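Trainee: Would you be able to build a 3D model of this:
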Amino acid sequence: MYKTLLTALITFFILSAYAQNRAIVKGTVLDSVTRQPLELATVAVLDAKDTTAALILYMVSDKKGAFLMHNLPTGTPVKILISFVSYRPFRKTITLKKGETLDLGGIMMSPKLLNEVSITGERPPIMVKKDTIEFAAEAFKTRPNAVVEELLKKLPGIEVDNYGNIVFQGKKVNKVLVDGREFFASDIRIATKNLDAELIDKVQVYDDRENDPNHLIEDARVEKIINLKFKKKLRKSTFGKVYAGGGTEGRYESGGLFNIFRDTLQISLLGLSNNLSNTGFDFNDLYTSGGLNRGGDAISRGGGGMGFGRAGISGIQKTTSGGVNINTDYGKKFKLNIAYYHSHDNNDYNGKNTRDQLTQDTDFTTSTTTNRFRIDDKHNLSITVKAQPNTATQISYTPFFTYYSNQTGSKATTNSYSNFFPQVNQSVSSSNGSGNNMQFQQSFNYNHQLKTEGASITIDHNFSVNPDRSNNYDKSALTSYLSSFPSYSLDRYSNNLNNNISANLAVSYRYPLTKKLTADVNVGTDYNKGINRVSTYDFNPATGLYDLFLLNTSSDLTRNLWKEHVSPGITYALRQHMSLVMGVAAQWQQINNQFNRNIADLDQNYFDLLPNARFSFGTYTKGNYSVSYTRTVGQVNIGDLIPYSVIFSPLFTVTGNPNLNRSHNNNFGISFNTYRQQSQTSYSINGNLSIEEDGVYRRRTLDAAGAETSTPINQNGRYSSNIYAFISKRFKKSNDWQLSLSTNVGLNQSHNFFEINHQDGYQNNYGVNFSQHLSLNGKDIITLDPSYGLNQSISSYTGVQYNNIHTTTFNFDTPYTIYWPKRTNISGTYTYTYNPLVPAGYQKSSNLLNVSIAREFLKKDRAEIKLACYDILNQAINSTRFVNENIINDTQSQIINRYFLLTLRWKFNTAKADEKKQTKTPGMLFIN
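Mentor: As a prediction, this is how the structure comes out:
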């Protein structure tokens, strides 16, 4: 870690010294007629030798029309290009000296005359149009056959990490549109990793205010949308790609993406099939490494635990998936999107688990080996309708339907022992089951801006119904080696039914009382009905049926919940870029809990006042600060309120507590966010503190035979805090080299109560997370994206005599690609992970090395053949560690190991000629 920090400091010192040899240009952009400053004029500096390929720096003028550009190159001619909507561009070629500060003074911009013909020979690389920043794709040269992601990486302010996540000026990009329409909205990488950069004419970036038409979210927290504008000749085209491959160990992959664009109609079809544990539609990501990039981190984290290995992938998975996405417009006021997905997944899992529980004088360990399979079949259908009958009204309606079915089976062997008994018991179990789930949900939103500026009315409605059914057969045989606990054998069947119905309706009204004070009120009602029914039966040897009903392992629960709220609030603008938002929610709840079994219902009625406040000041470009507070309430799970015990097995019993109180949380937050356009640097610091009242904990007992009981109780004292800091800097291109650095530091702490064997105590968790990422692109010949992560955690205890638990994990990851020689690329990754504290029999470290080599051929390099090797060293693992209360849980499972794969890809593009120009050959197609 210290070496990494030292390297970073040395790098920054070198770059600081380098900056002293650079120059500065400043000036003020004015209207030539009125002499008034022009705010948001685009000022770009380009390499005068090649204006279509070398944007050096850009910025926009401030409210006084001023701009100040640092770190400009010296000794070489550069062109200053200033543009503003409806004005003639300003151009000036200069050569700067080392350390020079050039003042251009007042720059007069002349308005364009009506019907004036624009000169198209030089196109501004960047234009700012109100809230939209527009990049001309032709100004950012990419290698042949580059995908959109490679183009985005070249645009100033945009960063793309190794997993395809996109950030613009420090803000997350949550949508990527194609010509203003959603393109498989569930995953932005389908567009960025599959569409070719050569298809794109413009890249537009703007705020995502779709669900915030009243601009209630502060600027620093608003996420971004990227819109890819296709070239006009491609708006009537058919394009896509297909691939297929086979390899050793029976590995295979195939897939394709097929697009038909006809002006306002877009139809996209995709599909894949493989046994490489890849379940998504991220074709290019899959293909680029021949199945090497299957998602997941080298370091996995979950529920406060720390681990290493491949997260998110357990076992070996075979999948077949397909989908269709349709967009169409009906005039300018109505848009329709239809998306359907189907996936069929088969997962085989082989793993082991060690669960170590510490009590005052006992160390009880349970070791389990498991083999299981799971087959999932899923259908998703969503429809989005958007209408804008006039400029003041927006309406959206989205119905969504899902059908899901599964089959499961498993076999497990478990051995338990302690520091007093070398063997407590051994059990062998097996299970198989099936289930299905259906879900229908819909959402409706209506927003209307009233005649008074800033006044609006909004209506929101949501409805969901979600029936879930499953059947399970379980057999287990336990051999006890203690005289105090008998051996047993079980053969059971359980039928499970869960059905949840929820609906809500809310109306919001917002009205400005003065120029600085705006009032709003939100009124709404919610209804939720939940049914949970578990019926368990023992096998009857006399009848050969599962007909011996077990009351103690069954339940029949129903909850009806009504909630109403009235939430008034105010927004007060103390001055420009400084505001105070305050509100309070008056909330009523009526809850009916039905336990059946001839047990009286439990009716609960609550009233809460839940305040919230946020104070913020500053702009995102100069630094935005905010402080916030919210109070929330959590409802107790009906399963924790049952006035009886459920005996899941002789080793595990749960008893409810009808006297449980609801928990309340007081949440405090602070944040600082900024993006410095001059230096292309973003900073972010966020801190949170959560204090819980009447938190729900588990009172547990554990005896010498390993039998556990659990009862929920209320207890004050739980709190957690964290602080997160992020800095990212992108450096100017020098001799066609592009470099960016980012650093993340996180600190977290939590204080939790627990009780085991009538001994209560507190667990204090402390964690430090540090990661650093570097991205390097050299002349589009080599790309290198190394990253390093270090995670440390300490769990200490008070009130009980437990030893502290330390966990340290770190990883190093280096994806790389070399585009040399011509038409050839070599790519791969090297990932090293290490956790020195795993128990005996678990792998502490892993060296994962992947390599592939590809060759393009055919006209315009439309085809590619690739040979890839995954896990050359044959060390891939999936291993995690989880620490909670007095439990240390270690898991290691089998995943795909070394294989070779040979894959062939072919892409196509047919662009239909403009009908107005087809005077002699109306049926002509342009084929690329």
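Trainee: Please tell me I have it right and Thr359 contacts Asn757.
Mentor: Yes - the criterion here is CB atoms under 8 Å, and Thr359 meets it with Asn757 at 5.5 Å. All C-beta atoms are positioned from the backbone trio N, CA, C, and that covers glycine.
Trainee: list the residues that contact both of the two?
Mentor: Common contacts of Thr359 and Asn757 (CB atoms under 8 Å, 6 or more residues apart in numbering): Leu702.
Trainee: So between these two, which is more surrounded?
Mentor: Using other CB atoms under 10 Å as the criterion, Thr359 and Asn757 rank with Thr359 on top: 19 against 16.
Trainee: Return the residues in contact with Gln169.
Mentor: Applying CB under 8 Å, 6+ apart, the residues near Gln169 are Gly157, Lys224, Tyr620, Tyr675, Gln677, Ser682.
Trainee: And the furthest pair within these?
Mentor: Spatial extent of the contacts of Gln169 (CB to CB) is set by the pair Lys224 and Gln677 at 14.9 Å.
Trainee: So those two - more neighbours on which side?
Mentor: Comparing Lys224 with Gln677 by other CB under 10 Å, the one with more neighbours is Lys224, at 21 against 17.
Trainee: my read: the more buried one touches Asp207, true?
Mentor: Yes - using CB under 8 Å, Lys224 is in contact with Asp207, at 6.5 Å.
Trainee: Now do the helices in the stretch 101-250 of the chain.
Mentor: 148-154, 189-192 (DSSP state H, counting those that start in this stretch).
Trainee: right, so of those helices, which gets closest to Arg862?
Mentor: Judging the helices of the stretch 101-250 of the chain by CB to CB, what sits closest to Arg862 is helix 148-154, at 17.7 Å.
Trainee: chain center to that closest one: distance?
Mentor: In terms of CA atoms, centre = their mean, to the nearest Å, the centre of helix 148-154 is found 20 Å from the chain centre.
Trainee: any weak-confidence spans in this protein?
Mentor: The model of the chain has pLDDT under 70 over residues 1-21, 50-54, 113-122, 185-186, 279-313, 732-735, 912-928.
Trainee: With just CA atoms, put stretch 795-812 into PDB.
Mentor: Taking C-alpha atoms only, stretch 795-812 is exported to PDB below (Å, rounded to 0.1, in the frame of the first residue of the first chain):
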ATOM      1  CA  SER A 795     -13.900  -7.200  14.600                       C
ATOM      2  CA  SER A 796     -13.500  -6.500  18.300                       C
ATOM      3  CA  TYR A 797     -15.800  -7.400  21.200                       C
ATOM      4  CA  THR A 798     -16.800  -5.900  24.500                       C
ATOM      5  CA  GLY A 799     -18.700  -7.600  27.300                       C
ATOM      6  CA  VAL A 800     -17.500 -11.100  26.200                       C
ATOM      7  CA  GLN A 801     -14.100 -12.700  26.100                       C
ATOM      8  CA  TYR A 802     -13.700 -13.200  22.400                       C
ATOM      9  CA  ASN A 803     -10.400 -12.700  20.500                       C
ATOM     10  CA  ASN A 804     -10.300 -10.000  17.900                       C
ATOM     11  CA  ILE A 805     -10.700 -11.100  14.300                       C
ATOM     12  CA  HIS A 806      -8.500  -9.600  11.600                       C
ATOM     13  CA  THR A 807      -9.200  -9.900   7.900                       C
ATOM     14  CA  THR A 808      -6.900  -8.700   5.200                       C
ATOM     15  CA  THR A 809      -7.400  -9.200   1.500                       C
ATOM     16  CA  PHE A 810      -5.800  -7.600  -1.600                       C
ATOM     17  CA  ASN A 811      -5.900  -8.000  -5.300                       C
ATOM     18  CA  PHE A 812      -4.000  -6.800  -8.400                       C
END
